[in-house]
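>>> Predicted model, plus sequence, below.
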There are 2 protein chains.
Amino acid sequence: MPEFIPEDSVGIVTPQHLHFSEPLELKCGKVLPGYNLMIETYGQLNSDHSNAVLICHALTGDHHAAGYHRMEDRKPGWWDVAIGPGKAIDTNRLFVVCLNNLGGCKGSSGPSDTNPVNGLPWGPEFPLITVDDWVETQARLADRLGIQQWAAVVGGSLGGMQTLQWAITYPDRLKHAVAIATAPKLSAQNIAFNEVARQAIMSDEAFHDGHYQAKGTIPKKGLMLARMVGHITYLSDDAMRQKFGRELRAGNLNFDFSAEFQVESYLRYQGENFSSRFDANSYLLMTKALDYFDPAAAYNDSLAAALSSTAAKFMVMSFTTDWRFSPERSREIVDALLAAGKDVSYLEIDAPQGHDAFLMDIPRYTEGLKIYMDRVAREAGC
Amino acid sequence: MPEFIPEDSVGIVTPQHLHFSEPLELKCGKVLPGYNLMIETYGQLNSDHSNAVLICHALTGDHHAAGYHRMEDRKPGWWDVAIGPGKAIDTNRLFVVCLNNLGGCKGSSGPSDTNPVNGLPWGPEFPLITVDDWVETQARLADRLGIQQWAAVVGGSLGGMQTLQWAITYPDRLKHAVAIATAPKLSAQNIAFNEVARQAIMSDEAFHDGHYQAKGTIPKKGLMLARMVGHITYLSDDAMRQKFGRELRAGNLNFDFSAEFQVESYLRYQGENFSSRFDANSYLLMTKALDYFDPAAAYNDSLAAALSSTAAKFMVMSFTTDWRFSPERSREIVDALLAAGKDVSYLEIDAPQGHDAFLMDIPRYTEGLKIYMDRVAREAGC
């Protein structure tokens, strides 16, 4: 709970709920007759609408990227370290837009929402959404806000995939693409971890083939396991060693199956916590969006070819101990952009935190991002 | 199904069921009044009993390390690539002993066994077993077989931990310790993966607090998830890429939650298969034995001090892409042995298969092992 709002915070923010009535044809072949998006904006759109930055969220993120909803909030938005007056993404100069992606569970249309056709929760009937579909909804959001071209589209992890897809689908609608801790497609190991998470959720007796809402229950155990697996992949081996080592909660071995190592109780806590705040069907959907992302597939597996039509300038950033999307995966993107003759900067940040580093206040990272975003702001004329 | 037994196979083997009636005081403080061990032996014990080699199994291994039980067997024992006439562990020269560890589920006393006190399945009442306890039971097995000193104790992964513990607990009872793809203790990340596996099993409704046998059921889904998680850690990212890549089973995306990538169906198959052949309580017990292993803990966290009283010669082997127990972890053992002034050889094998490599027929590995085991045999006078 902040006793006062820090000076470099965007302060108290109010999400907006927008309805889009034009039908949306999805990659899966289905059509959504209409949908809602929950968004937040920070800063002011300038008179020539040139200073807008889109923030794309990762697997379990949402529209609340910065600031506080209420004075009583214990924590600010998920990327408050990077967004605010004077921060890397400087809201004194830039107009920042963040949304809960379609299919999410924080106010945008998604499986936990009501299907307008029958008044029942969508549940598993909500169609699978791809990164392409998200870019389409985000383009319509830009239209709604009067933004013809983003000064930059910025995202980490699954958010970084959206920035790449933006540059491919709408070359003229963004000046810069900032892709952080991401990959041009998932590896078999990445898919395998997602599949374990999905199986954990789907094999929970409370899942009821996705109709748990109608049954008045949630697949809590499955969600908990999914989050535990995910969490291991977000942290580096080193980070875990530094954070927990082999410390015992009670100081000595119990010889039973209670959580006795610190790392066990930490994971159980993270899992428990998550299971009460995230929708299982949304989680399944988000992991599939990750699995499916593969822009090179339509170009004979040539990422350079997929990126050949892009017009944005690129900034790619990675973290040394990230083993979910390692620096090697970022370099694949950089190499493909170079092969396609594009303007690309690359920053590899030495950080022990693993994949989670992209959400943290690491000086070399936030300073590197600030220098780049200052360029974005200058080019936007502000 | 082998149409004929290969010449370099130990052939048809028959396990032996041995009863030990002397009470066993366990590390956890409990006492087992007596217990059974299921063992197999290959080759002949020589007249001065100097050529015996103990093979220690890993997490889900058992006594059936080589050869076939029946002509109809589809596969030989789990380490048949290394054990047999003329193979690395040459049964023409060495007498090889392998057992199902106490607490296992393949014939030795364990949770799925009957508690002689009440005639009911032990289930969760079976005490937790540590690596120390296993060494104790293996020492008694040596006594029973008339083996005062092993020519070598050999093991991979959790089996490697047993070889280290043997060298520490009974310095004079083994001439050589061969520790393959192992670690001196689990990292926080290793423990975290084990904890996910345990939570998957324990949160399965069919687990019934471990009393599933009495209820006539098994926690199939939990075991399946546990195995899926385990399997990801046994394979390297590279191995998965080579084996599955992003290949789709049907050639195109389904936009549903069926297993559509090859890696998904592979993991589901592995999980399913495992869940019908391994006991859940045994799996929990084995993961705890892994978590607890930490011989340096009693020596102020100095592994060199823990190993200072050892008298064996050591061979340590690791595999480049093993990220469960990486070469770095093997080098910790080597460095500690060097610091303690011990005789140690080290072989790091360039292999793409990850942790699973230790079970495979990789020429540099099996040849390296053969050269070392030839030395073992020579020193044993055969």
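Done, it's in.

>>> what's next to stretch A:327-345, contact-wise?
A:164, A:179, A:181-184, A:187, A:296, A:302-308, A:310, A:313-320, A:346, A:348, A:372 (C-beta atoms under 8 Å, 6 or more residues apart in numbering or on different chains). Backbone N, C-alpha and C define where each C-beta goes, glycine included.

>>> Could you pick out the buried ones from the residues you listed?
A:164, A:179, A:181-184, A:187, A:296, A:303-308, A:310, A:313-320, A:346, A:348, A:372 (16 or more other C-beta atoms under 10 Å in any protein chain shown).

>>> List, one by one, the residues from the stretch 51-200 of chain A near chain B.
When proximity is defined as C-beta under 8 Å from any C-beta of the partner chain, the stretch 51-200 of chain A approaches chain B at A:127-128, A:185-189, A:191-193, A:195-196, A:198-200.

>>> Just flag the most distant two among those.
Using C-beta to C-beta, the two most remote members of these are A:Pro127 and A:Gln189, lying 27.3 Å apart.

>>> Neighbour count for those two, which is higher?
Taking neighbours as other C-beta atoms under 10 Å in any protein chain shown, A:Pro127 and A:Gln189 compare with A:Gln189 leading, 24 against 21.

>>> Show me what the strand or helix carrying that one is packed against.
Assigned by DSSP states H and E, A:Gln189 belongs to helix A:188-202. For helix A:188-202, the elements it packs on are helix A:220-234, helix A:280-292, helix B:220-234, helix B:237-243, helix B:262-275, judged by 3 or more C-beta pairs under 8 Å, 6 or more residues apart in numbering or on different chains; DSSP states H and E.

>>> hang on, the earlier thing: which ones among the contacts of stretch A:327-345 map onto helices?
Among the contacts of stretch A:327-345, DSSP state H puts A:Leu164, A:Leu303, A:Ala304, A:Ala305, A:Ala306, A:Leu307, A:Tyr372 in helices.

>>> What is the burial count for the residue nearest to the fourth one when sequence neighbours are not counted?
It refers to A:Ala305. Leaving aside its sequence neighbours, A:Ala305 sits nearest to A:Tyr299 (C-beta to C-beta, 6 or more residues apart in numbering or on different chains; 3.8 Å). By the measure other C-beta under 10 Å, the count of residues near A:Tyr299 is 15.

>>> thinking A:Tyr299 is in contact with A:Ser309, fair?
No - judged on C-beta atoms under 8 Å, A:Tyr299 makes no contact with A:Ser309 at a distance of 10.0 Å.

>>> What score does A:Met1 have for pLDDT?
A:Met1 is assigned a predicted lDDT (pLDDT) of 51.

>>> Run the chain-centre distance for the helix or strand harbouring A:Met38.
For A:Met38, the element it lies in under DSSP H and E is strand A:35-42. Relative to its chain's centre, strand A:35-42 lies at 15 Å (C-alpha atoms, centre = their mean, to the nearest Å).

>>> Direction included, what does whichever helix or strand comes after it pair up with?
Using DSSP H and E, the helix or strand that follows strand A:35-42 towards the C-terminus is strand A:52-56. Strand A:52-56 pairs in its sheet with strand A:95-99 (parallel), strand A:152-156 (parallel), by DSSP bridges.

>>> Please save the CA atoms from the first one in PDB.
This file holds the C-alpha atoms of strand A:95-99, laid out as PDB (Å, rounded to 0.1, in the frame of the first residue of the first chain):
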ATOM      1  CA  PHE A  95       1.200   8.400 -24.900                       C
ATOM      2  CA  VAL A  96       1.200   4.900 -23.700                       C
ATOM      3  CA  VAL A  97      -1.500   2.400 -24.500                       C
ATOM      4  CA  CYS A  98      -1.900  -1.100 -22.900                       C
ATOM      5  CA  LEU A  99      -4.700  -3.500 -23.200                       C
END
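
>>> List the contacts of that strand.
Against strand A:95-99 from outside (C-beta under 8 Å, 6+ apart): A:37-46, A:51-55, A:57, A:63-66, A:77, A:83, A:89, A:108, A:137-138, A:141, A:145, A:147.

>>> so which of the residues of the stretch 51-200 of chain A next to chain B is the most crowded?
A:Ala200 (31 neighbours).

>>> quick one: that residue and A:Val229 touch, right?
Yes - shown here, A:Ala200 and A:Val229 form a contact pair, counting by C-beta under 8 Å, at 7.2 Å.
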